[in-house]
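A.B. asks: my questions are about this predicted structure, shown below with the sequence.
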Amino acid sequence: MSEPDGVELMILVERVVRPLLAPHSRLMTLRQELLAHVEQIHAEEIENGSAPAVALARTQERFGNPDEIRRHLQLTVPLHERFSSWFESLFRKRPGESDSAFAIRCGLKVGGLHFVLLFAAILALSIIQWRSITDYIPGFMALLCLTFAVDSALVTGLTQWVVKPYLIAEHKTIAPKGRLIAGTAFVALCLSVSFLGLVAWSTTDAGLMLRTVVLSVAASATVFPTVCLAYVRERLAAQPWLSLDIT
Amino acid sequence: MSESVSGDALRGHLETMLLSILSERDSHGFELLKQLAERGEGAFHLKEGTVYPVLYRLERAGQITARWEDGKSDRRGPRRRVYRLTAKGRRTLETARQQWSRFVSVVGNIIAPAALNRTPRPHWA
């Protein structure tokens, strides 16, 4: 099989796989499995005496419509894997995005996440105690979330400087199962820091406030580099596929 | 060449057919399709890529498991994923076979009793 034909077969497979909302490991499994299959079809067509161009066309015809195959494959991806891929995409650098814009965007999302978590907790508390929600919303909640947003933006900015030689922006998201764990741990840390922050800011205890900020920075500094470096490893493994033009 | 079987008729039975083939031996996707084509006497015109969503669905349901083939083959190129029937898959297949036998018997008696060498029962019997 010639190299151009090999590339065409990879493009056929990538048209199925790349748009899938699924973890990196699942996408790589699909790529390898489907490529093995289309290469066998192609080899069979060549053995039957077809010219390379005809064999390629016959392979595409026998394999089927990539959009239809992908639609059915997407249904086989478990819901939690789709969610983790989507959640991870919220913190993925966009093509052409500057370092500072990426850091600010991540910071705002982390601040927003804290706000949502705190609001949900306050809502639950007001329902349990059957009191008006306004009785529980602290005046400092916005300031607290802004503090966490600034922490995360600073950490993301610094993290990019560390891993910058390896980060590549992409449209589609791929996430290993490990990042689901990291994401869950991150949300758990956010919850813990949020509640600690509620206490610290309500009592305006300077020492406690400082410890809360340090804990928030430490949490972000642990999670973001882990996520970035895992993403870099994925990117390097998938580079032969991601460099293909499938349009 | 035998008459083609429509996609609608095939749909719904593909999972059972794949389980049946895997009950005889472990196979990868390409080999499964070859078996389907041979045993189907050329009546099935299945787009080959569409078998993989079915296989992944069966795997997720625990009916089959998959492993990468070992590197001992002389074949070049990417490794293939070999599927194997699980105990749960065997039970599902057995149930499906019983249901199919019953279906063929009942419907065949109505549609084509002669083809089944049966005399249709009169309505008063």
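C.D. replies: Received, thanks.
A.B. asks: what residue in chain B comes nearest to chain A?
C.D. replies: Nearest residue of chain B to chain A (CB to the nearest CB) works out as B:Lys47 at 2.9 Å. Every residue, glycine included, has its C-beta placed from N, CA and C.
A.B. asks: show me what contacts residue 22?
C.D. replies: Defaulting to chain A. For A:Ala22, the contact set (CB atoms under 8 Å, 6 or more residues apart in numbering or on different chains) comprises A:30, A:74, A:77, A:81-82, A:85, A:174.
A.B. asks: that's the other chain; I wanted chain B
C.D. replies: Residues in contact with B:Leu22 (CB under 8 Å, 6+ apart) are B:32, B:64, B:83-85, B:89.
A.B. asks: next one: A:Ala120
C.D. replies: Contact partners of A:Ala120, counting by CB under 8 Å, 6+ apart, are absent.
A.B. asks: run the chain-centre distance for whatever helix or strand A:Leu125 lives in.
C.D. replies: Secondary structure from DSSP states H and E places A:Leu125 in helix A:99-129. Averaging C-alpha positions (CA atoms, centre = their mean, to the nearest Å) puts helix A:99-129 18 Å from its chain's average.
A.B. asks: now do stretch A:18-35
C.D. replies: That offset, for stretch A:18-35, works out to 15 Å (CA atoms, centre = their mean).
A.B. asks: quick check: mean pLDDT of that stretch?
C.D. replies: Throughout stretch A:18-35, pLDDT has a mean value of 90.
A.B. asks: output that stretch as CSV, restricted to C-alpha atoms.
C.D. replies: This file holds the C-alpha atoms of stretch A:18-35, laid out as CSV (Å, rounded to 0.1, in the frame of the first residue of the first chain):
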residue,chain,number,x,y,z
ARG,A,18,-12.4,12.9,15.7
PRO,A,19,-15.8,14.5,16.3
LEU,A,20,-16.7,11.9,18.9
LEU,A,21,-17.3,13.2,22.5
ALA,A,22,-15.3,10.5,24.3
PRO,A,23,-12.1,10.1,26.3
HIS,A,24,-8.7,9.9,24.7
SER,A,25,-8.2,6.2,25.4
ARG,A,26,-11.5,5.3,23.7
LEU,A,27,-10.7,7.5,20.7
MET,A,28,-7.2,5.9,20.3
THR,A,29,-8.7,2.4,20.6
LEU,A,30,-11.2,3.2,17.8
ARG,A,31,-8.6,4.7,15.6
GLN,A,32,-6.4,1.6,15.8
GLU,A,33,-9.2,-0.9,15.4
LEU,A,34,-11.0,0.9,12.5
LEU,A,35,-7.7,1.5,10.7
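A.B. asks: now do the same end-to-end measure for stretch B:46-63.
C.D. replies: Taking CA to CA, to the nearest Å, stretch B:46-63 runs 22 Å from one end to the other.
A.B. asks: what comes up buried for that stretch?
C.D. replies: Neighbour counts over stretch B:46-63 (16 or more other CB atoms under 10 Å in any protein chain shown) mark B:46, B:48-59, B:63 as buried.
A.B. asks: look up how far A:Arg58 lies from A:Glu47.
C.D. replies: Separation of A:Glu47 from A:Arg58 (CB to CB, to the nearest Å) stands at 12 Å.
A.B. asks: before we move on, what about A:Leu113?
C.D. replies: In terms of CB to CB, A:Leu113 sits 51 Å off from A:Arg58.
A.B. asks: ok, the two, which is more surrounded?
C.D. replies: Between A:Leu113 and A:Arg58, A:Leu113 has the larger neighbour count (other CB atoms under 10 Å in any protein chain shown), namely 21 against 17.
A.B. asks: so for the more buried one, what's the pLDDT?
C.D. replies: 79.
A.B. asks: quick check on the residue of chain A found nearest chain B: phi, psi?
C.D. replies: Here chain A gets closest to chain B at one residue, A:Gly64, 2.9 Å apart by CB to the nearest CB. For A:Gly64, the backbone dihedrals are phi 110, psi 180 (criterion: degrees, to the nearest 10).
A.B. asks: the helix or strand where A:Ala43 lies close to chain B?
C.D. replies: Secondary structure from DSSP H and E places A:Ala43 in helix A:24-47. Yes: against chain B, helix A:24-47 shows contacts by CB under 8 Å from any CB of the partner chain at A:29-30, A:32-37, A:39-41.
A.B. asks: can you redo the residues you listed as JSON lines with neighbour count?
C.D. replies: Compiled in JSON lines, the residues of helix A:24-47 next to chain B are given as follows (neighbours: other CB atoms under 10 Å in any protein chain shown):
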{"residue": "A:Thr29", "neighbour count": "17"}
{"residue": "A:Leu30", "neighbour count": "22"}
{"residue": "A:Gln32", "neighbour count": "17"}
{"residue": "A:Glu33", "neighbour count": "23"}
{"residue": "A:Leu34", "neighbour count": "27"}
{"residue": "A:Leu35", "neighbour count": "22"}
{"residue": "A:Ala36", "neighbour count": "21"}
{"residue": "A:His37", "neighbour count": "26"}
{"residue": "A:Glu39", "neighbour count": "23"}
{"residue": "A:Gln40", "neighbour count": "22"}
{"residue": "A:Ile41", "neighbour count": "23"}
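A.B. asks: is it fair to say B:Val82 lies in a strand?
C.D. replies: Yes: assessed with DSSP: H, G, I helix; E, B strand; the rest coil, B:Val82 lies in a strand.
A.B. asks: give me the most central residue, the chain.
C.D. replies: No chain was given, so I picked chain A. Nearest residue to the geometric centre of chain A (CA atoms, centre = their mean): A:Glu88, 2.3 Å.
A.B. asks: the intended chain is chain B.
C.D. replies: Closest to where the C-alpha atoms of chain B average out (CA atoms, centre = their mean) is B:Met17, at 0.7 Å.
A.B. asks: perfect, that will be all.
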